[in-house]
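Engineer: Mind folding the following:
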Amino acid sequence: MSIKDADQAYVTVLDLLHTRSLEGWDIPALMQEVAGCLGGLGMQLCRFHFGGPILHPLYVAGTYTWYPNNEVEHDTYTRGVEQQESFLQSPVYPVYESGAFEGRYRIRAGSESDRFPLFVKVAAEGGTDYFLQLIGYEDRSTWAVDQEGSLISWISSAPEGFTEAEIELLRRLHKPLCVELKNLTQRILVNDILKAYLGDYSADRVYSGQIQRGDGDIIEAVILFCDLRDSSKLAEHYDLDRFLDVLNAYYDATAGAVIHGGGEVLRYIGDASLAVFPIERYTDEQEACQVALDVALDAVVRTQGLNANRNERGEPPIKIGIGLHCGTVVYGNIGTADRIEFTVIGKAANEAARIEAQCKELNETILVSDTFANHLDQPWRSHGSFELRNIGRPIEIFSPHE
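Structural biologist: Here you go, the predicted model:
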């Protein structure tokens, strides 16, 4: 069975795209439902693939691939993918290089199609015909990932491959399908950017509509404040570009430990960072405090490893201070009406910063408040009670027992 009436099939799939775009879906759901619709109309597909550039701190391209078991596989690629063997040996490469916007290959095991590793695999799975569609790649003198284009490919499993009616249908569907995929990609883009700049916890709140100045919640949280010690001396040791490299290495070790441990980095304040571990994410305060302490210890280990490499290069060590505290904070938007920031404010956040400031005075790397220490049944070394600047009560400060 194959599609005979491309006009009627086009109306059917277009109606699906319009209806479901109003209801709301994501890229995997779109691919599953479009592939299912085409299958119901008689098209035999063994693969449906979509890809394009993305704006992300780590990745430059993303792809989605639908398979006959109705699973959709998502992959991301770092910069340089266009020079990797996987791309250079793909059927997309010669089409892109030729300047064409379509490409079609018949797939037969033991034939010329075997020059592409993808087709060797697909032939073993029953694939017979490959149809590639490109849009938005007008300048072939530059890399595809540097352009706002889209790639769609289809693979038939019909014995004779795609019929002419099916190819005509796929051509007519190309633009409306790309429009909807582009729309869904933009939604992902917004979410990815929010997470990159705000963290998962804050991004979810902003994406759900908590965007007005004054929007916020009162939450219980463990607060982690980390600062780079002797940063002025380090800045004098390097030019600006190299010092930025040092800062990023320091943040990889410290803020990286927070992210790895499930915490939320809210702010980078010059060479300091503010992070939280909302209690609601954990069983209780004890678990949240233990996770935060483990993160702090991990940051120390990471920094020691970083310093070992720096020592081999004859560079000065990176010294850090970490303050841990817990309490009530307001978690929400502050700023001007048109320039706001999602962060935590309140006495507990200020106290965490003041506790960290004592690291230099006491020559300690990690210091915690009495409130924090009381949640964990483990040995602590007390440094006594301190009247901290602008803090109304004395706070007893502890460090982990070595």
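
Engineer: Now do the one helix or strand residue 398 maps to: everything it contacts.
Structural biologist: Take DSSP states H and E as the rule and residue 398 turns out to sit in strand 395-400. By C-beta atoms under 8 Å, 6 or more residues apart in numbering, the residues outside strand 395-400 that reach it are 293, 297, 351, 354-355, 358, 362, 364-370, 372-373, 378-386, 388. (Glycine included, C-beta is placed from N, CA and C.)

Engineer: again, 7 Å this time
Structural biologist: Contact with strand 395-400 is made by 351, 355, 358, 364, 366-370, 373, 380-386, 388, as judged by C-beta atoms under 7 Å, 6 or more residues apart in numbering.

Engineer: And stretch 168-180, what's buried?
Structural biologist: Across stretch 168-180, burial judged by 16 or more other C-beta atoms under 10 Å covers 168, 169, 170, 172, 173, 174, 177, 178, 180.

Engineer: my read: the last one touches residue 30, true?
Structural biologist: Yes - A contact is recorded between residue 180 and residue 30 when judged using C-beta atoms under 7 Å, the distance being 6.5 Å.

Engineer: what number of residues lie near the nearest residue to residue 161 once chain neighbours are set aside?
Structural biologist: Computed as C-beta to C-beta, 6 or more residues apart in numbering, the closest residue to residue 161 that is not its neighbour in sequence is residue 129, at 2.9 Å. Residue 129 has 25 neighbouring residues, counting by other C-beta atoms under 10 Å.

Engineer: who touches residue 129 in this structure?
Structural biologist: Taking C-beta under 7 Å, 6+ apart as the criterion, residue 129 is in contact with 106, 107, 155, 156, 161, 162.

Engineer: Only whichever of these are buried, select them in PyMOL.
Structural biologist: Burial among the contacts of residue 129 is assessed by 16+ other C-beta under 10 Å; the matching PyMOL selection reads:
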select buried, resi 107+155+156+161+162
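
Engineer: from the contacts of residue 129, which is closest to residue 189?
Structural biologist: Top of the list for closeness to residue 189, among these and by C-beta to C-beta, is residue 155 at 27.4 Å.

Engineer: What strand or helix carries that closest one?
Structural biologist: Counting by DSSP H and E, the secondary-structure element that holds residue 155 is strand 150-156.

Engineer: relative to strand 150-156, how tilted is the helix or strand that that strand is followed by?
Structural biologist: Per DSSP H and E, strand 150-156 leads on to helix 164-198 as the next helix or strand towards the C-terminus. Interaxial angle, helix 164-198 versus strand 150-156 (axes from the mean of the first three to the mean of the last three C-alpha atoms, to 10 degrees): 140 degrees.

Engineer: low pLDDT regions in the chain?
Structural biologist: Within the chain, the stretches falling below the threshold (pLDDT under 70) are 1-2, 57, 80-84, 199, 201, 205-216, 337, 340, 388-392, 402.

Engineer: care to break it down by domain?
Structural biologist: Each domain of the chain is listed here as a residue range: 6-197, 200-400, per automatic domain parsing.

Engineer: what kind of secondary structure is residue 69 in?
Structural biologist: Reduced to three states with DSSP: H, G, I helix; E, B strand; the rest coil, the structure at residue 69 is coil.

Engineer: gap between it and residue 47?
Structural biologist: 11 Å (C-beta to C-beta, to the nearest Å).

Engineer: which of the two has more neighbours?
Structural biologist: Taking other C-beta under 10 Å, residue 69 and residue 47 do not tie; residue 47 has more neighbours (19 against 5).

Engineer: Can you name the next helix or strand after the helix or strand harbouring that one?
Structural biologist: Applying DSSP H and E as the criterion places residue 47 in strand 45-53. Toward the C-terminus, strand 45-53 is succeeded by strand 61-66 as the next helix or strand (DSSP H and E).

Engineer: re earlier: so what secondary structure elements neighbour the strand holding residue 155?
Structural biologist: With contacts defined as 3 or more C-beta pairs under 7 Å, 6 or more residues apart in numbering; DSSP states H and E, strand 150-156 has these neighbours: strand 45-53, strand 129-135, helix 164-198.

Engineer: May I see the ones you listed arranged in a markdown table, with distance to residue 75 as well?
Structural biologist: Converted to a markdown table, these look like this (distance: least, C-beta to C-beta, whole Å):
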| stretch | distance to residue 75 |
| --- | --- |
| strand 45-53 | 8 |
| strand 129-135 | 17 |
| helix 164-198 | 14 |
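
Engineer: what residue is smack in the middle of the chain?
Structural biologist: By C-alpha atoms, centre = their mean, the mean C-alpha position of the chain lies nearest to residue 192, the distance being 5.5 Å.

Engineer: Spatially nearest residue to it, not counting backbone neighbours?
Structural biologist: Nearest residue to residue 192 in three dimensions, chain neighbours excluded: residue 56, at 5.2 Å (C-beta to C-beta, 6+ apart).

Engineer: Quick check, that neighbour in contact with residue 191.
Structural biologist: No - with contact defined as C-beta under 7 Å, residue 56 does not count as touching residue 191 (10.5 Å).

Engineer: burial measure for the residue nearest to residue 192, as a count.
Structural biologist: Counted with other C-beta under 10 Å, the burial measure for residue 56 works out to 17 neighbours.

Engineer: Check residue 111 too.
Structural biologist: As a burial measure, residue 111 scores 12 neighbours (other C-beta under 10 Å).

Engineer: any idea how far residue 238 lies from residue 310?
Structural biologist: In this structure, residue 238 and residue 310 are separated by 12 Å, where distance is defined by C-beta to C-beta.

Engineer: How about residue 369?
Structural biologist: Distance of residue 369 to residue 310, given as C-beta to C-beta: 31 Å.
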